[in-house]
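In: Build me a structure from this.
(3 chains)
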Amino acid sequence: MNGGSFVISQSDKRPMYLQIMEQIKQRIVVGDWTEGQPIPSIRQMAVDLSVSVITVKRAYLELEREGVIVTQQGKGSRVAPSAGLGARLREQELQQHLEQATRIAAQLGIQPTQLEDRLREAGDRISERENA
Amino acid sequence: MRGSVTGHLILKDWRMNRPLLVLSIAAGAIGLAVVQWGTEPAAVVGSVWFFIALIMVGTMLPLGGIVNERKKQNLAFVMSLPISSMQYTTSKLVSSTGMFLVPWVTLVISAVLLIQVRHTFPHGGIPMLLILAMMPFVGFSLITAAALIGESEGWGIAANVACSSSYGLVWYFLSRIPTLMVNAKGPVAVWNSTVVDVLCVELGLVALLLGLTYFIQSRKRDFI
Amino acid sequence: MTDYAVEMSGVTKSYRYFSLDNVHLKVAEGQIMGLIGANGAGKSTTIRILMGLVHQDSGDVRVLGHRMPAEQVEAKWDIGFASEDMRLYDSMSVGWHMSFIQSIYESWDDKYAQVLLKRFGLRAEQKIKGLSHGQRVKATLLLVLARKPKLLVLDEPTTGLDPVARHEILRELTNVMADEGRSILFSSHNTQDVEQISDQITFIDRGSIIDSMDKEMYLDRWRRLRLEVPAGVELPALPGIIDVKQDGRLAVATANAFEPDLANAYENTGARVQRIETMTLEEIFVANVEHSREEVEACEVR
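Out: Model prediction:
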């Protein structure tokens, strides 16, 4: 188990620690990393990613604050053993996407009620593609 | 710690300068061989070759080994090793002088032996030979001092030019000292007080130059 | 108690046309410190003083607990130094250099050295004069890495390297961090490399340290605010904003101590905050240097 398959994107303008946090959450969401499973230590992750220890430390601290991982002194870090973590993270992702959609819609002058229709249309398009 | 770092540096210098030592001994040996031909022109040509070999090694060792190390930026590599600047100076003085003495002693002893065994040269010339052979040694000390203290190619070259141009002058003055030349063509080597004095002065100069180098280097605060 | 791999305080060194002024620098054990500065800013001088190659005029320097330059020999047993103006012996081979270093240092790890040889694409029989610039740099770094020294001091380790070589070097440098007792101080004007692997960053300009901070803090505190300024609104001077460039109705404010309140403060005056952008380390460095030079000039005028 290592962080070797994580990739930091240079063109991604977001800070490195956020990218690391997101990729860790992704692992949990898709089920590669399960609840309670140990994850690489901060140093190991830094070495695997070729990034500074301090950046990984920050990512882990934020993740701990959000309840995604837990760190024990001397025992390393593990995915938080709380039930439904994967689902909760998916929820958060959905929330972020919805908020972003609302923001972009607002820039285009589209009201939230009109947005509802657009959402239904999008749902229909997706089912069409899946049934085809 | 495996052995002293200074020792390793000295070994390194020897390893890197081996070709030069071999070349200079070969060149000097050729000069001695030519002298054995017996004719006067051969004696002149051979002797010149012999001295050029000594002068060459006395010049190339400091210019190649010391100046070049700085010029080619190898000095930072050496100084990154666990040594002080004084240990570096010591290693350079020891290795350069040692490396100079190998061909010098070899060639001078060979020349003396040849004079004694063969009859191409009168034995009276042996003291003069020694006095003349000491000159490249003094020259070597001067160039080494300039290379280490002056820290630049310019100083090394300046010292080299000063030496090369003064050999002739020094020889001129020495040859006008009657007590030196009086026995030069005789059958026996005569070590009169003048000869001994001149040799002592030359040796003294070598010791002074090398010692002064050590002293001045120890006073420096910036090494690179 | 924190152990410091490097401690410099009040270090001053004067040359004819340049002087290093009152340098304070601390590298904690287990950290990577990146030193960023323009050419001639004083990075190399600082590093040389640290290595004991140059005597400081005043100030205290301690490396791995040893006072420099007095105890430089003891210190250098545990320091791996590579600088951009350092050269290996042209006429000798990579393998000869490896044996040479191995004969001096007991800590030489030959297995790791062989791994590095392969990783860096070098061959022991190659003579240094036949190597390209990138290969030379990698050879020099190999000699320094295979000894596994407690402290690595590197002056411009990735300058002039192609992207692949840079990537290889950065990977080896971060591998060093697996051991929390080892530290690295490296100087560079490649801000991308510094941004990626440094824990702490120090900016140096014209002989003075202008800033030294935790990298994440730098990235957090510096922001660019793009503002739309309606007619009749004058932008106030706000604490934490070091520069405002305005052209007509659009303005860009650079903050070096960003708080969300700053955006609110602008909005309160009637200006509209279009975007708040993060800044790359390069942008931060340039803005910081310009700001500090302006301040110095302002002081001199008074």
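
In: dump the residue contacts of the residue of the stretch 201-302 of chain C found nearest chain A.
Out: Ranked by Cβ to the nearest Cβ, the top residue of the stretch 201-302 of chain C for proximity to chain A is C:Glu216, at 5.2 Å. Bear in mind the C-beta positions are built from the backbone N, C-alpha and C, glycine included. Contact analysis of C:Glu216 by Cβ atoms under 8 Å, 6 or more residues apart in numbering or on different chains lists A:Pro15, A:Tyr17, A:Ile54, A:Thr55, A:Arg58.

In: and the nearest residue to the third one once chain neighbours are set aside, how far is that from A:Val47?
Out: In space, A:Ile54 comes closest to C:Asp199 once its chain neighbours are excluded; the distance is 4.2 Å by Cβ to Cβ, 6 or more residues apart in numbering or on different chains. Plainly put, C:Asp199 is 13 Å away from A:Val47 if you go by Cβ to Cβ, to the nearest Å.

In: separation between C:Asp162 and C:Ser188?
Out: C:Asp162 is 16 Å from C:Ser188, by Cβ to Cβ.

In: Those two: who's more crowded?
Out: C:Ser188 (21 against 12; other Cβ atoms under 10 Å in any protein chain shown).

In: before we move on, back to that, need the max-distance pair from the contacts of C:Glu216.
Out: A:Pro15 and A:Ile54 (11.9 Å; Cβ to Cβ).

In: Looking at the two, which is more packed in?
Out: Legend: neighbour count by other Cβ under 10 Å for A:Pro15 and A:Ile54, higher for A:Ile54 (20 against 16).

In: Surely the more buried one touches C:Tyr218?
Out: No. With contact defined as Cβ atoms under 8 Å, A:Ile54 does not reach C:Tyr218; the gap is 10.8 Å.

In: At the contact with chain C, which residues of chain B appear?
Out: B:1-3, B:5, B:8, B:12, B:16, B:72-74, B:76-77, B:79-84, B:87, B:221-224 (Cβ under 8 Å from any Cβ of the partner chain).

In: Pipe the contacts of C:Glu216 into a markdown table and attach secondary structure and pLDDT per row.
Out: Output for those, formatted as a markdown table (DSSP: H, G, I helix; E, B strand; the rest coil; pLDDT from 0 to 100):
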| residue | secondary structure | pLDDT |
| --- | --- | --- |
| A:Pro15 | coil | 88 |
| A:Tyr17 | helix | 93 |
| A:Ile54 | helix | 95 |
| A:Thr55 | helix | 95 |
| A:Arg58 | helix | 95 |
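
In: What is the neighbour count of residue 42?
Out: Here I'm looking at chain A. 20.

In: my bad, the chain I had in mind was chain C
Out: 24.

In: and it, what pLDDT?
Out: pLDDT, C:Gly42: 92.

In: buried residues in the helix or strand encompassing the residue of the stretch 201-302 of chain C closest to chain A?
Out: Using DSSP states H and E, C:Glu216 maps to helix C:215-221. Counting neighbours by 16 or more other Cβ atoms under 10 Å in any protein chain shown, one finds that the buried residues in helix C:215-221 are C:Lys215, C:Glu216, C:Tyr218, C:Leu219, C:Asp220, C:Arg221.

In: How about stretch B:171-187?
Out: B:Leu174, B:Leu180, B:Asn183, B:Ala184.

In: Provide a list of residues in contact with the third one.
Out: In other words, B:Asn183. B:Gly124, B:Pro127, B:Ala189, B:Val190, B:Asn192.

In: Return the member of the contacts of C:Glu216 nearest to chain B.
Out: For the contacts of C:Glu216, the nearest to chain B is A:Ile54 (28.1 Å; Cβ to the nearest Cβ).

In: ok so, going back, output the contacts of C:Glu216 as a markdown table; include the columns distance to C:Leu262.
Out: As requested, the contacts of C:Glu216 are arranged in a markdown table below (distance: Cβ to Cβ, whole Å):
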| residue | distance to C:Leu262 |
| --- | --- |
| A:Pro15 | 19 |
| A:Tyr17 | 22 |
| A:Ile54 | 25 |
| A:Thr55 | 25 |
| A:Arg58 | 22 |
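
In: Kindly state the domain boundaries assigned to chain C.
Out: Domain assignment for chain C by automatic domain parsing gives C:4-214, C:219-301.

In: what separates the longest one from the chain centre, distance-wise?
Out: With Cα atoms, centre = their mean, to the nearest Å as the basis, the distance from the averaged C-alpha position of domain C:4-214 to the chain average is 10 Å.

In: what about that domain, start to end distance?
Out: 15 Å (Cα to Cα, to the nearest Å).

In: Let's check: the centremost residue of chain B is which one?
Out: B:Phe137 (3.2 Å; Cα atoms, centre = their mean).

In: Flag every buried residue along the longest helix along chain A.
Out: Scanning chain A for the helix with the most residues, using DSSP state H, yields helix A:85-108. By 16+ other Cβ under 10 Å, the buried positions in helix A:85-108 come out as A:Leu85, A:Gly86, A:Arg88, A:Leu89, A:Ala101.

In: what's the helix or strand of chain B with the lowest mean pLDDT packed up against?
Out: Lowest by mean pLDDT, DSSP states H and E among the helices and strands of chain B is helix B:178-181, with a mean of 80. Identification of packing neighbours for helix B:178-181 by 3 or more Cβ pairs under 8 Å, 6 or more residues apart in numbering or on different chains; DSSP states H and E yields helix B:126-150, helix B:193-218.

In: so how far is that helix off the chain centroid?
Out: 24 Å.

In: same deal with stretch B:72-88?
Out: 24 Å.

In: Give me the contact list for it.
Out: Against stretch B:72-88 from outside (Cβ under 8 Å, 6+ apart): B:5-6, B:9, B:68-69, B:91, B:217-218, B:220, B:223-224, C:51, C:53, C:72-74, C:76-77, C:79-83, C:85-90, C:104, C:140.

In: quick one: terminal-to-terminal distance for it?
Out: Stretch B:72-88 has an end-to-end distance of 17 Å (Cα to Cα).

In: Need the mean per-residue confidence for the longest helix along chain B.
Out: Taking DSSP H as the criterion, chain B has its longest helix at helix B:85-117. The average pLDDT for helix B:85-117 rounds to 92.
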